[in-house]
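Undergrad: Any chance you could fold what I've pasted below:
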Amino acid sequence: MSPLSGATGSQHAAILGIGGYRPSRVIPNSEVIAAIDSSDEWIQQRSGIRQRRWAAPHETVQMMSVDAARKAIDRAGISAEQIDCVIVATVSHMLQTPAVATAIAHELGTNKAAAFDISAACAGFCHGVALASDMVRGGSVGHALVIGVERLSDLTDLHDRGTAFIFADGAGAAVVGPSDEPRIGPVVWGSDGEQFDLIRQKEDWRDVVGTPDRPGTGTMPHLMMQGNPVFRWASYAMAKIGQQALDRAGVSIDDLDVFVPHQANMRIIDAMARSMKLPERVRIARDIAEQGNTSAASIPLALERMIDDGEARSGDTALLVAFGAGLAYAAQVVTVP
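TA: Residues are numbered from 1 along each chain as shown. Got it, this is the predicted structure:
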């Protein structure tokens, strides 16, 4: 018999509070069309985006994260000292190390919480929720804070007709804690690395800063995306992943109240809803029209807006589906806090 004692956690986990931060700068389509020889009508038809939010210099990854986290902690009804772990999903924190999560945990006033970053691009928040749920139920934490945050404007090529109008900035946070009943369903996640090149950072950092034997470009690296293949893959493959998440949670499509997909493209959102045959009464997040694609921040920001607008109510059953570079994906059913 092993002499080790096992950790004992909560039988179930739940999202206890959601918070978001939207940058102050509102960028309408009219401000991006000249550089890509486009039009407001073309952008809206292609993506559904009318405007996006870009961060001002003072709106750093850390600053936006802390603001969103404080809202989530307050809405969860706990104190920062009760946060045992901070998980930050981001691809736009510019330091390779240390993790920005450590600085966020300190600024929030946690009691030296475990803190780390994860890189799963647009699927990062759902990955973080899955990890946090398992931690709470496994007994390694009492409460975990999951943050999705991006400053994608730093990595956007304003002359790239395929991406210049898409990406945006913001932060969303969720407190995950113990529950008397299941409020976070089993995650369905994976990756399709065969299609690694469909969404990616275009330049290696060594190409940017240079090496001893060759000079660098002196510019920031940029994100690139092959739009049509991504549209075809996400519209149908992710509908199947969403259905698998419903099945694993023991929830039928008729039990669903809210659908919160990654805010990548309005056409993809509509195609997923059709493919899943969502009933008309299911409320669908469409935050992308006003916010743009904020990658890891998009799902918590979209869910927060639905809660604030009364489209999602406490106790509603919601399906979260995310996908992004890699191609990494994740989906789970949750109860709206």
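Undergrad: Residue 142: neighbour count?
TA: 16 (other C-beta atoms under 10 Å). Where C-beta positions appear, they are placed from N, C-alpha and C, glycine not excepted.
Undergrad: Correction: the previous question concerned residue 320.
TA: Residue 320: 28 neighbours (other C-beta under 10 Å).
Undergrad: and it, how far is that from residue 17?
TA: Distance of residue 320 to residue 17, computed by C-beta to C-beta, to the nearest Å: 16 Å.
Undergrad: for residue 334, same thing?
TA: The value you get for residue 334 to residue 17, if C-beta to C-beta is used, is 12 Å.
Undergrad: Then residue 35?
TA: 39 Å.
Undergrad: which of those two has more neighbours?
TA: Each of residue 35 and residue 17 has its neighbours counted (other C-beta under 10 Å); residue 17 has more, 23 against 14.
Undergrad: Check what pLDDT that one gets.
TA: You'll see residue 17 listed with a pLDDT of 98.
Undergrad: Make 47 the starting number, not 1.
TA: Sure, I'll start counting at 47 from here, so that last one is residue 63.
Undergrad: need the contact list for it.
TA: Residues near residue 63 by C-beta atoms under 8 Å, 6 or more residues apart in numbering: 117-123, 220-221, 383.
Undergrad: Using the three-state scheme, assign residue 367.
TA: Three-state assignment for residue 367 (DSSP: H, G, I helix; E, B strand; the rest coil): strand.
Undergrad: per-residue confidence for it?
TA: In this prediction, residue 367 carries a pLDDT score of 98.
Undergrad: same check, this time on residue 252
TA: 85.
Undergrad: sorry, back to before: so which of the contacts of residue 63 is surrounded by the most neighbours?
TA: Counting neighbours by other C-beta under 10 Å, residue 220 leads the contacts of residue 63 with 33 neighbours.
Undergrad: ok, now how distant is that one from residue 343?
TA: For residue 220, the distance to residue 343 - C-beta to C-beta - is 11 Å.
Undergrad: How about residue 214?
TA: Taking C-beta to C-beta as the measure, residue 214 falls 9 Å from residue 343.
Undergrad: show me where the stretch 97-246 of the chain has helices.
TA: Secondary structure of the stretch 97-246 of the chain (DSSP state H, counting those that start in this stretch): helices located at 107-122, 146-154, 170-184.
Undergrad: Could you pull up the mean pLDDT of the longest one?
TA: The pLDDT scores in helix 107-122 average 98.
Undergrad: Kindly format the C-alpha coordinates of stretch 328-335 as PDB.
TA: Below are the C-alpha coordinates for stretch 328-335, written out as PDB (Å, rounded to 0.1, in the frame of the first residue of the first chain):
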ATOM      1  CA  VAL A 328     -30.900  29.500 -28.300                       C
ATOM      2  CA  ARG A 329     -29.200  32.900 -27.700                       C
ATOM      3  CA  ILE A 330     -25.900  33.200 -29.700                       C
ATOM      4  CA  ALA A 331     -23.000  35.400 -28.800                       C
ATOM      5  CA  ARG A 332     -22.200  37.900 -31.600                       C
ATOM      6  CA  ASP A 333     -19.700  40.100 -29.800                       C
ATOM      7  CA  ILE A 334     -17.400  40.100 -32.700                       C
ATOM      8  CA  ALA A 335     -19.400  42.800 -34.500                       C
END
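Undergrad: Same question for that stretch: list its buried residues.
TA: Of the residues in stretch 328-335, those buried under the neighbour-count criterion (16 or more other C-beta atoms under 10 Å) are 328-334.
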